[in-house]
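Colleague: have a look; sequence and predicted model below, questions after that.
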Amino acid sequence: MLRIISVLLLLGLVSCVSATPPQQFPDNCRAEASVAQLLAENWLDQTGIWRLRQVTLLEVGHKKIPLEGFLRLDLAKGEARLVAMNEMGLVLFDLLVTEDDQQLQRAIPQLRQVKGLSLGIAQSLRWIFLQPRPQTDDQLTTRDNIQQLRRELPGGSLAFNYDCRRDLRNIRFLADGGDWRVAYDQYRQFGSSRLPELIIMNDFQHGVKLSLWIREVKQER
Amino acid sequence: MLKKIFIKYLLLLSLVFLATTSVNAEELAPLLAELQQAAAETETLSSPFVQEKYLQIFSEKLISNGQFAYQKPDRLRWELLTPVASGFILRGDQGERWNSLSQKQEKFSVKSDPIMGMIAQQLLAWARVDLDWLQSRYRMEVSSVTPIVLTLYPLDQGEATFIDHLNIQFSTDRRHVSEVLMVEQGGDSTLLRFIDAQVNIELAADTFQVPEL
């Protein structure tokens, strides 16, 4: 990520990304789930295999890069494979991401030359879908319609915030090695699970914002 | 006995292959001339299209819908309506693209953006049946006569690293392209189907203007 940001800095693209509007939490219910319930009911903490068609906007400074993508998310294996395309359906890159590694399966020549591309995108996908995940020994606090699972880390903390419908609404990491947030909005029921249709990741340290609209959802059986 | 059958089979296969090659070579020139003649009478084209993207690794087909317009000699509008409103306008070798997600319009030229350049030039070449341009870029074969289907293999090494071949199907009246299949190296493909194409209709005045975002 650092390297791709460096390239963009050199190209004079430094500036603030567009502002992320504050999240609206439902206030017509009380949050009263247990840690076990919060973990059991969240789709990312289950073991399904999802096929997600999405449109994405990557913002780095004033630079905005829209992409169409197809993501196969295997939560049991902790693996995400993203195929990104342009508006004509031409595959720009195909990236396999695991919890601690990434492999660029293919990319058009122009993107293959961009150092740090796969590392940067893989890190964002990891934060959004794979790692870190809440744990049973995280500390639970409840305030009216919001619940939080929190863990102390060197130099700060990691928090998972849930609304009173038990939907994971954001992850906030502020500690040594990072300052980022992932917000999950517009939940909808897909089969037996609720999935967000809008996900926004902000990497405050590097001035990167990734907005992801999920347009089609299928679950592999 | 088996050896004899095998030799006969090989001979038969060779004859079929030779016959096919010969038909291709003989038929290509008059077919291309006919297509060019029909295209020369086309002033405008307008057509909704369906784009089917097949991703081999996932055995998944992704459907998008859009609208296409062309005006002689070199104006194009390529607009996707789903899953996200986006597209581009081409006027000669200068273009402008837009995307409702980024809320941005940006200019490009065929030279400054090789990928967009390649796509735009291809669309333009299909729309006006620019066979000289296509033949300078591709080795061409006739895959079918009714309807006419041409198979194109890229000559450019760079393009050949990600495009294996293209199949271009013409409408029954041979006046315009009705389907384009782009097969990538590795097995992915994109099928464009132009539905209810209208030839030589009057296009709206703002057809080749970027829409308000």
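Modeller: Sure, I can see it.
Colleague: show me what contacts the closest residue to B:Gln121 other than its chain neighbours?
Modeller: Sequence neighbours aside, B:Val110 is the residue nearest to B:Gln121 in space, at 6.2 Å (criterion: CB to CB, 6 or more residues apart in numbering or on different chains). Any C-beta I mention is one placed from the backbone N, CA and C, and that applies to glycine too. B:Val110 sits next to B:93-95, B:116-117, B:120-121 when contact means CB atoms under 8 Å, 6 or more residues apart in numbering or on different chains.
Colleague: just the buried residues of the residues you listed.
Modeller: With burial judged by 16 or more other CB atoms under 10 Å in any protein chain shown, the buried subset of those is B:95, B:116-117, B:120-121.
Colleague: between the residues you listed, which sits nearest A:Gly69?
Modeller: B:Met116 (18.7 Å; CB to CB).
Colleague: surely the closest one is within a helix?
Modeller: Yes: the assignment for B:Met116, made by DSSP: H, G, I helix; E, B strand; the rest coil, places it in a helix.
Colleague: hmm, B:Gly95 and it touching each other?
Modeller: Yes: using CB atoms under 8 Å, B:Met116 is in contact with B:Gly95, at 6.5 Å.
Colleague: so what sits against both of these two?
Modeller: B:88, B:108, B:110.
Colleague: what's the neighbour count on the nearest residue to A:Ala36 once chain neighbours are set aside?
Modeller: Take A:Ala36 and drop its neighbours on the chain: the residue closest to it by CB to CB, 6+ apart is A:Thr136, 7.0 Å away. Using other CB atoms under 10 Å in any protein chain shown, A:Thr136 has 10 other residues around it.
Colleague: what of B:Arg77?
Modeller: 23.
Colleague: again with A:Asn145
Modeller: Neighbour number of A:Asn145 under other CB under 10 Å is 17.
Colleague: that one and A:Tyr162 touch, don't they?
Modeller: No: judged on CB under 8 Å, A:Asn145 makes no contact with A:Tyr162 at a distance of 9.7 Å.
Colleague: tell me the residues that contact both of the two, please.
Modeller: A:Ala31.
Colleague: and the helices in chain B?
Modeller: B:2-40, B:114-127, B:131-137, B:157-160 (DSSP state H).
Colleague: quick one: low-confidence parts of chain B?
Modeller: B:1-25 (pLDDT under 70).
Colleague: 80 instead?
Modeller: B:1-27, B:110, B:113-119, B:213 (pLDDT under 80).
Colleague: what sits opposite the residue positioned nearest the centre of it in the beta ladder?
Modeller: Residue closest to the average C-alpha location in chain B (CA atoms, centre = their mean): B:Val180, at 4.3 Å. Beta-bridge partners recorded for B:Val180 (DSSP bridges): B:Ile168, B:Leu192.
Colleague: tell me how far it lies from B:Glu96.
Modeller: If you measure B:Val180 against B:Glu96 using CB to CB, to the nearest Å, the figure is 23 Å.
Colleague: got it, and A:Ile108?
Modeller: 22 Å.
Colleague: A:Thr141 too?
Modeller: 52 Å.
Colleague: in terms of neighbours, single out the busier of the two.
Modeller: Per other CB under 10 Å, whichever of A:Thr141 and B:Glu96 has more neighbours is B:Glu96, with 16 against 11.
Colleague: got any ranges where chain A has weak pLDDT?
Modeller: A:1-18, A:87-88, A:109-110, A:113-115, A:221.
Colleague: so which bits of it are right by chain B?
Modeller: Contacts of chain A with chain B, taken as CB under 8 Å from any CB of the partner chain, map to A:51, A:53, A:55-57, A:64-66, A:68, A:70, A:72, A:81, A:83, A:85-91, A:94, A:106, A:108-110, A:211, A:213, A:215-216.
Colleague: and which of the buried ones among the contacts of B:Val110 is nearest to A:Gly155?
Modeller: B:Met116 (44.1 Å).
Colleague: residue contacts, the closest one?
Modeller: With CB under 8 Å, 6+ apart, B:Met116 has these contacts: B:88, B:95, B:97, B:108, B:110.
Colleague: which of those sit farthest apart?
Modeller: Longest span within the contacts of B:Met116, CB to CB: B:Arg97 and B:Val110, 12.5 Å.
Colleague: where's A:Ser118 relative to B:Ser59, distance?
Modeller: Following CB to CB, the distance that separates A:Ser118 from B:Ser59 is 24 Å.
Colleague: which of these two has more neighbours?
Modeller: Using other CB under 10 Å as the criterion, A:Ser118 and B:Ser59 rank with A:Ser118 on top: 21 against 7.
Colleague: mind listing what's buried along stretch B:111-129?
Modeller: B:113, B:115-129.
Colleague: so A:Ala76 lies in a strand, does it not?
Modeller: No: A:Ala76 is assigned coil when assessed by three-state DSSP, not a strand.
Colleague: just the strands in chain A please.
Modeller: A:49-60, A:63-74, A:79-85, A:91-98, A:102-107, A:139-143, A:146-153, A:156-163, A:168-175, A:178-190, A:193-203, A:208-220 (DSSP state E).
Colleague: so for B:Val84, which of those strands sits nearest?
Modeller: strand A:49-60 (4.4 Å).
Colleague: ok, the closest one: who's next to it in the sheet?
Modeller: Strand A:49-60 has these strand partners (DSSP bridges): strand A:63-74 (antiparallel), strand A:208-220 (antiparallel).
Colleague: hey, which of those strands is tucked in deepest?
Modeller: Among these, ranked by average contacts under mean count of other CB atoms under 10 Å in any protein chain shown, first place goes to strand A:63-74 (a mean of 20).
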